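Asker: Please work out how this folds:
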Amino acid sequence: MDDDRTLINGCLIKDHAAWDAFIKKYSSLMYVSALSRLKKYGFTLDGHEIDEIRQNVLASIWRDDKLKLVKNAQSLPYWLAIVSGNAAMSYVKSKKRKERREAASLYDNIDEKELMELVPSAEADPRQAMIRGEMVEGIRKGFDSLPEKERLILKLHVLHGKKYSEIADMLALPEGTVSSYIRRGKERLKKRLKEFLQFFAIIWKVAASLYIGGHSWPV
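Answerer: Now for the predicted structure:
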């Protein structure tokens with residue numbers, strides 16, 4: 001069964017002994033080929049995902065009689081390396097497309113008006129209206145200053161009340177990673193809002209010393 005032509009012919013007639021020998025001989029080559037192609041283009045996947053890619057390639061080879069494509073048995077190792085590498089790149093591209101679709105869909109469902117609920121009502125006081133408007137703008141700018149994934153995860157948690165486990169399922173991330181994103185996002189947002197409010201307080205002290213519309217506003 002060591003002869004590649006014998007292996008190929010055996011696999012094509014669905015000989016399980018030939019298939020077992022084929023897997024034993026070339027499984028490692030397929031794994032390494034997928035890993036090498038990913039590294040060449042700067043992509044990283046965990047071992048479980050690479051093994052999934054390899055298993056999918058093997059399943060396709062067996063199910064669809066792909067070994068018919070190998071005309072020269074001596075080229076089998078090279079052919080398997082190319083097929084495994086191509087499958088790895090296709091997997092990454094498919095994964096990224098899925099992430100973009102999910103992110104776009106989730107963003108579409110986020111209503112920015114919900115940010116208004118995070119600040120008090122302005123009522124009829126023009127000073128309160130100004131403060132409220134500045135607060136809302138500060139919150140929006142704070143969210144917009146966050147990295148994209150951090151911003152999305154924090155909005156899902158803060159604005160939509162999603163639990164860590166729910167966000168992890170929606171974005172296919174480990175729950176610990178979601179927790180880290182939320183913690184970092186809150187820290188960044190607090191820092192950004194603190195800086196914004198300190199700046200606004202200085203501006204307000206200057207404006208309050210002036211007569212606006214014939215009335216002075218006490219600090």
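Asker: contacts, neighbours, all on C-alpha from now
Answerer: Will do.
Asker: In the chain, mark out all the helices, start to finish.
Answerer: In the chain, the segments counted as helices under DSSP state H are 4-12, 16-40, 47-63, 76-108, 126-144, 148-158, 164-171, 175-208.
Asker: and those helices, which one's lowest on average pLDDT?
Answerer: Across those, helix 126-144 has the smallest mean pLDDT, namely a mean of 64.
Asker: how about Lys68, what does it touch?
Answerer: Leu12 (CA atoms under 8 Å, 6 or more residues apart in numbering).
Asker: Now do it, the pLDDT please.
Answerer: Among the per-residue scores, Lys68 holds a pLDDT of 92.
Asker: Check Met116 too.
Answerer: 42.
Asker: The one 4 residues further on now?
Answerer: Predicted confidence (pLDDT) at Pro120: the value is 44.
Asker: can you put the helices of the chain in JSON lines and add mean neighbour count and distance to Leu69?
Answerer: As requested, these are arranged in JSON lines below (neighbours: other CA atoms under 10 Å; distance: least, CA to CA, whole Å):
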{"stretch": "helix 4-12", "mean neighbour count": "19", "distance to Leu69": "10"}
{"stretch": "helix 16-40", "mean neighbour count": "17", "distance to Leu69": "16"}
{"stretch": "helix 47-63", "mean neighbour count": "16", "distance to Leu69": "10"}
{"stretch": "helix 76-108", "mean neighbour count": "16", "distance to Leu69": "9"}
{"stretch": "helix 126-144", "mean neighbour count": "16", "distance to Leu69": "52"}
{"stretch": "helix 148-158", "mean neighbour count": "19", "distance to Leu69": "42"}
{"stretch": "helix 164-171", "mean neighbour count": "16", "distance to Leu69": "38"}
{"stretch": "helix 175-208", "mean neighbour count": "16", "distance to Leu69": "43"}
